[in-house]
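I'd like to go over a predicted model; first the sequence, then the structure.
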Amino acid sequence: LEDYIKQVGALEDRLARRSEGLGFPGKSQIVNKIGDIFFGVDATNAAPTQYQRQYFEEIQPEYRERMAEVNRFIKDTVPQWNERLRGWNAPTLTTRLSVDF
């Protein structure tokens, strides 16, 4: 089970920067970048600027790559976990559908 927990932690680290108290424990990840663009656009009553649209275009490939990782995790790893959990007579994990984009 420890290996699976490490896999989840590694996936989380690739999606978002961990907040562990004061300071900046890691580099900005895709979730943080999406949040930055969202709050920048949402903060005004105007269309996104040219620079905001350009930034959005720049982060899309990384988003797609990370979501592909999440989908692989849901498709491949979660069923392995459930098989192991069933062997221990433990409740299994329920999953959502893959992320469509």
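Yep, that arrived. Numbers count the residues shown, from 1 in each chain.

Show me where this structure dips below the pLDDT cut-off.
The chain contains residues with pLDDT under 70 at 18-27.

Need the single longest helix in it, by residues.
When the chain is parsed with DSSP state H, its longest helix is helix 50-72.

With just CA atoms, put it into CSV.
Only the C-alpha atoms of helix 50-72 are listed here, as CSV (Å, rounded to 0.1, in the frame of the first residue of the first chain):
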residue,chain,number,x,y,z
GLN,A,50,-3.6,39.3,-25.5
TYR,A,51,-1.0,38.3,-23.0
GLN,A,52,-3.5,36.2,-21.0
ARG,A,53,-4.6,34.4,-24.2
GLN,A,54,-1.0,33.8,-25.1
TYR,A,55,-0.2,32.4,-21.6
PHE,A,56,-3.3,30.2,-21.8
GLU,A,57,-2.0,28.8,-25.2
GLU,A,58,1.4,28.2,-23.6
ILE,A,59,0.0,26.1,-20.7
GLN,A,60,-2.4,24.0,-22.7
PRO,A,61,0.2,21.3,-23.7
GLU,A,62,1.3,20.9,-20.1
TYR,A,63,-2.4,20.6,-19.0
ARG,A,64,-3.1,17.9,-21.6
GLU,A,65,0.1,16.0,-20.6
ARG,A,66,-0.8,16.0,-16.9
MET,A,67,-4.5,15.1,-17.6
ALA,A,68,-3.2,12.1,-19.7
GLU,A,69,-1.2,11.0,-16.7
VAL,A,70,-4.3,11.3,-14.5
ASN,A,71,-6.3,9.3,-17.0
ARG,A,72,-3.6,6.6,-17.1
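
That one: which residues count as buried?
In terms of neighbour count (16 or more other CB atoms under 10 Å), helix 50-72 has its buried residues at 55-56, 63, 66-67. (C-beta placed from N, C-alpha, C; glycine too.)

now do stretch 3-18
15-17.

Now those residues in a markdown table, please, with extra columns for distance to Glu83 and secondary structure.
Converted to a markdown table, these look like this (distance: CB to CB, whole Å; DSSP: H, G, I helix; E, B strand; the rest coil):
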| residue | distance to Glu83 | secondary structure |
| --- | --- | --- |
| Leu15 | 25 | helix |
| Ala16 | 28 | coil |
| Arg17 | 32 | coil |
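
Cool, thanks, signing off.
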